[in-house]
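Visitor: okay, here's the prediction I keep looking at, along with the sequence it came from:
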Protein chains: 2
Amino acid sequence: MHVDAIVQDLLGRQDEILDRLCAFLRLPSVSTDPAFIEGMRGAQTFLVDWLERMGLSDVQLLDGGGHPAVYGAWNGAPGKPTLLIYGHYDVQPPDPLEAWVTPPFEPTIRDGRLYARGASDVKGSTAIALETIAAFLRVRGACPVNVKVFLEGEEETSSPSLRAIVEQYGDLLQADGMISADGARAHPEIPTINVGSRGIVEFEVSIRTADKDLHSGRYGGAVRNAAHEMARIIASLHDEDGAITIPGLLSAQPSVSDNARAETARFPFDGAAFVKDVGARAHGEHGFSIREQLTLRPALDVNGMWGGYTGVGGKTVIPSTAHTKLSMRIVSGQDPDQVSDALKAHLRAVCPPDIELTIGDPGTGSRAFNLPTGHPLVLAAKKVLSDATGQEPVLVRLGASIPITVIFQELLGVQTLMFGFALPDEDIHSPNEFFRLASLAEGLSAWPRLLEQVGEYSADEFRSMGTATEKAPT
Amino acid sequence: MHVDAIVQDLLGRQDEILDRLCAFLRLPSVSTDPAFIEGMRGAQTFLVDWLERMGLSDVQLLDGGGHPAVYGAWNGAPGKPTLLIYGHYDVQPPDPLEAWVTPPFEPTIRDGRLYARGASDVKGSTAIALETIAAFLRVRGACPVNVKVFLEGEEETSSPSLRAIVEQYGDLLQADGMISADGARAHPEIPTINVGSRGIVEFEVSIRTADKDLHSGRYGGAVRNAAHEMARIIASLHDEDGAITIPGLLSAQPSVSDNARAETARFPFDGAAFVKDVGARAHGEHGFSIREQLTLRPALDVNGMWGGYTGVGGKTVIPSTAHTKLSMRIVSGQDPDQVSDALKAHLRAVCPPDIELTIGDPGTGSRAFNLPTGHPLVLAAKKVLSDATGQEPVLVRLGASIPITVIFQELLGVQTLMFGFALPDEDIHSPNEFFRLASLAEGLSAWPRLLEQVGEYSADEFRSMGTATEKAPT
């Protein structure tokens, strides 16, 4: 049976599918707030029940000490690739409630948009993935590939137990690749495929210049001031343009290939408008477009700094301590540990030797994510999207960091294709989050074709192509 | 009757004097906390009663909208100088209570020390001044000079209504000079006279680089970060040694005279130990000793700085605003308004033009205080202290700012001699504050002789000498 029949089936049952999505959205599965524990349990039960009813085996909760992931598999396509299908069932808190036009957990359709907390992030796209699998099994009795559904319950709280789950259930989760329902489309008209995101290294830096804050009348002019010293340290990180000036980082900084720049340029992006929309001031490394600065180049930012008296009015103290939180977005080819070491070495070099310097390293560094452009998941997505739109998809990269892609890559060697159908303007994490009904239909058309396309490969082909292209791309 | 008889009378009645001081100390006159309003009223009543009983006229409360000052005058020495006698009856809060060996408002003598909140700061020295006047009036029936007792009730809260009081009661407070019971001795063995203190200029500086804090993954590398910009601004204020580098300030900076340096060098001061005692690191303008840096040179300090996320853990934001509180200690010869203008001009010059810069100026700037070394109050104090100790008193300057001296000088043209008998180690503002009983005796010997010495001048002589020496000294 041709995949068109699966798509037709899905598009013909949109009301039923929408009803099921609404039932999913009515469950208030807010992971960060213990008051919503019943909503979390409700969503787990709902998904377990659904996965069982669509015919998956081995359905279970995978517990890593936090909110469990929901798992189910279908292994009826021997010789075909095995794909993890990623989604998450937890949502952001709905606050501020009074800002919602209709209640966050009462899904409501207005003007072709489905309003509810989690509609766009990411129950809508998760439902598309699950409905696709269910349709294959119901209509054709089989999926084109083996699937292992993995639905996380802690995405909105930075996945605290994901690493533990993947380590503990490593055998169960072995796969040839992963397709994620998360990761929004970059543009409403232009088809895009995410092939990378920056990694991250984080730090907290503290200095101490005296045993206690000192009276500025009694000591001013003769002693070090921790705020002055921290300011000098921070000022040493960038040049006047905003480019990073840390010697150890510059020498190890990967160059940007012409290919990567050409691909970046294909995506229509008005950098000036992007910056102006939030009242920001453009500022960054010379010789790169804003889009390149955001996706192909590292960025080092102070996320917070403080020292001395910060209350109302004046207090004439000389601060004895000052602190800063630093994070660096790193790009493909940069090793988090090496970056971390170079940063620490720089901080130690610029900090005067008579000052106490403490560097807190939470050890949360993660590499950039990079999906090689010749990877079979990319080729399959390209084919599906160009067939659907008549346009050649643009390969895009994200400036942000996506820990799940890195965790699965590191622990299981699994590459991830993001194939979500959300769009950037859908107010995720804000009041009146919505998902376009048109996106639901587009997703229900694309997902079956994507699985079918991947099913064109044998498992062996898929693996050897995936392995051959495992190299840094930029 | 010789002044020795007055001193003998006072020293012979030390038990009675100590009892009265203890009664004063039992009144919990904490000005900053409304819960102590009864203690404040009790101290006012106590002082009004005492001033009336000792024979002062015109005894009253001078109300400027806050805690009133207590006033009383004796004008029975026609042709002699008229001196304001300054003290304050308010005290610091006693917290933390549990750290006191004996309760803060139950004066207790241990090892020759009188423990109580306010004993050293400054009820002890205030009592010395009042007992001196009372003794002159009781024993001799007259003071050597005309006196106007002015006892402030808001010294510990930065004198918020002092200016209003002095303006409102300007006629009543006209005088040829002021002797203050506040202002501790600088050294337990070496007699010192305070002839100056630094002034102060304060600011709050804010910058804004975007409408809101931005996601560092989404924007990092392409936009200005308010914390980075504030760090660069702060780093521009000093050179690597800690010397101020603001062009407009350097050109207007007064030079330091050889005389001032020689006088400074006479005071034995172990700068290295002073810095080391608080675990601080010596850092300041080259070519000056630590004591000179602290008293003869200006100092510019960040008192607080903050921007972005300062809570627990990480939050990958690009701060859109950053703030700093700045204060500058200025020296004799510097005009607060000119300094303020030069600082503002520098901030505007170093802040990139595309950034919103806001400078909050509370308008609390005050000049340095400077008592000319040839002023009759200084000459009188020198004579009294050298007679009492056999040593030539050392003229010292304070690094801190003493608003009352500046307010009286600005509004009434009155110069102040600080003649308090507290010592620097007496834990003022801390638990277990104490005043040495030996200091009580020393003060009761010195104060009568000081008033007697000033009484050697006619009012005309005193005024002409005071006026002749009104010039900047450093």
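Guide: Looks like it came in fine.
Visitor: wait, isn't A:Arg449 in contact with A:Val384?
Guide: Yes. Counting by Cβ atoms under 8 Å, A:Val384 is a contact partner of A:Arg449 at 4.6 Å. Heads up, the C-betas are built off the backbone N, CA and C, glycines and all.
Visitor: in chain A, which residue sits furthest out from the middle?
Guide: A:Arg218 (51.4 Å; Cα atoms, centre = their mean).
Visitor: report pLDDT for the closest residue to chain B within the stretch 51-200 of chain A.
Guide: Nearest to chain B, among the residues of the stretch 51-200 of chain A, is A:Arg198, at 6.6 Å (Cβ to the nearest Cβ). Predicted confidence (pLDDT) for A:Arg198: 95.
Visitor: I figured it hits A:Gly399, correct?
Guide: Yes. If you go by Cβ under 8 Å, A:Arg198 and A:Gly399 touch, sitting 5.8 Å apart.
Visitor: which of those two has more residues huddled nearby?
Guide: With neighbours defined as other Cβ atoms under 10 Å in any protein chain shown, A:Arg198 and A:Gly399 compare such that A:Arg198 has more, 31 against 23.
Visitor: and the more buried one, what is it in contact with?
Guide: Counting by Cβ atoms under 8 Å, 6 or more residues apart in numbering or on different chains, A:Arg198 touches A:295, A:298-299, A:329-331, A:368, A:397-401, B:217.
Visitor: recalculate using a threshold of 7 Å.
Guide: Contacts for A:Arg198 (Cβ atoms under 7 Å, 6 or more residues apart in numbering or on different chains) come out as A:329-331, A:368, A:399-401, B:217.
Visitor: what sits against the nearest residue to it once chain neighbours are set aside?
Guide: Excluding its sequence neighbours, the residue lying closest to A:Arg198 (Cβ to Cβ, 6 or more residues apart in numbering or on different chains) is A:Arg329, at 4.0 Å. Going by Cβ under 7 Å, 6+ apart, A:Arg329 touches A:198, A:200, A:298-299, A:399, A:401, B:216-217, B:220-221.
Visitor: the helix or strand hosting A:Ala135: how far from the chain's middle?
Guide: Using DSSP states H and E, A:Ala135 sits within helix A:124-135. How far helix A:124-135 lies from its chain's middle: 20 Å, per Cα atoms, centre = their mean, to the nearest Å.
Visitor: can you name the next helix or strand after it?
Guide: Following helix A:124-135 toward the C-terminus (DSSP H and E): strand A:146-152.
Visitor: in the stretch 201-350 of chain A, which spans are strands?
Guide: Counting by DSSP state E, counting those that start in this stretch, one finds strands in the stretch 201-350 of chain A at the ranges A:214-215, A:299-308, A:317-318, A:321-330.
Visitor: sorry, back to before: for the residue nearest to A:Arg198, give its distance to B:Arg140.
Guide: Using Cβ to Cβ, to the nearest Å, A:Arg329 is found at 83 Å from B:Arg140.
Visitor: output the contacting helices and strands for the helix holding A:Ala135.
Guide: helix A:3-12, helix A:14-25, strand A:82-88, helix A:437-454 (3 or more Cβ pairs under 7 Å, 6 or more residues apart in numbering or on different chains; DSSP states H and E).
Visitor: avg pLDDT for that helix?
Guide: Per-residue scores along helix A:124-135 average to 98.
Visitor: just stretch A:170-179 next, same as before
Guide: 97.
Visitor: what are the ranges of the helices in the stretch 301-450 of chain A?
Guide: A:336-350, A:376-389, A:403-412, A:437-454 (DSSP state H, counting those that start in this stretch).
Visitor: centre-most residue in chain A?
Guide: A:Ile402 (3.1 Å).
Visitor: contact partners for that residue?
Guide: A:Ile402 neighbours (Cβ under 7 Å, 6+ apart): A:197, A:369.
Visitor: pLDDT wise, what is it at?
Guide: For A:Ile402, the predicted pLDDT is 85.
Visitor: any idea how far A:Gly304 is from it?
Guide: Applying Cβ to Cβ to A:Ile402 and A:Gly304 gives a distance of 23 Å.
Visitor: what does A:Leu451 give?
Guide: Taking Cβ to Cβ, one finds A:Leu451 at 44 Å from A:Gly304.
Visitor: any idea which helix or strand in chain A has the lowest mean pLDDT?
Guide: helix A:247-251 (a mean of 83; mean pLDDT, DSSP states H and E).
Visitor: how far off centre is the helix or strand hosting A:Trp50?
Guide: Element membership of A:Trp50 [criterion: DSSP H and E] is helix A:37-53. With Cα atoms, centre = their mean as the basis, helix A:37-53 stands 24 Å off its chain's centre.
Visitor: one step back: so what sits against both of A:Arg198 and A:Gly399?
Guide: A:329, B:217.
Visitor: next one: whatever residue of the stretch 101-250 of chain A ends up closest to chain B from A:Tyr89, what distance?
Guide: Relative to chain B, the nearest point of the stretch 101-250 of chain A is A:Gly217 (2.7 Å; Cβ to the nearest Cβ). The spacing between A:Gly217 and A:Tyr89, counted by Cβ to Cβ, is 60 Å.
Visitor: who has more neighbours out of the two?
Guide: Counted by other Cβ under 10 Å, A:Gly217 and A:Tyr89 do not tie: A:Tyr89 has more neighbours, with 27 against 22.
Visitor: dump the residue contacts of that one.
Guide: Contacts of A:Tyr89 (Cβ under 7 Å, 6+ apart): A:29, A:43, A:47, A:70, A:123, A:126, A:151, A:153.
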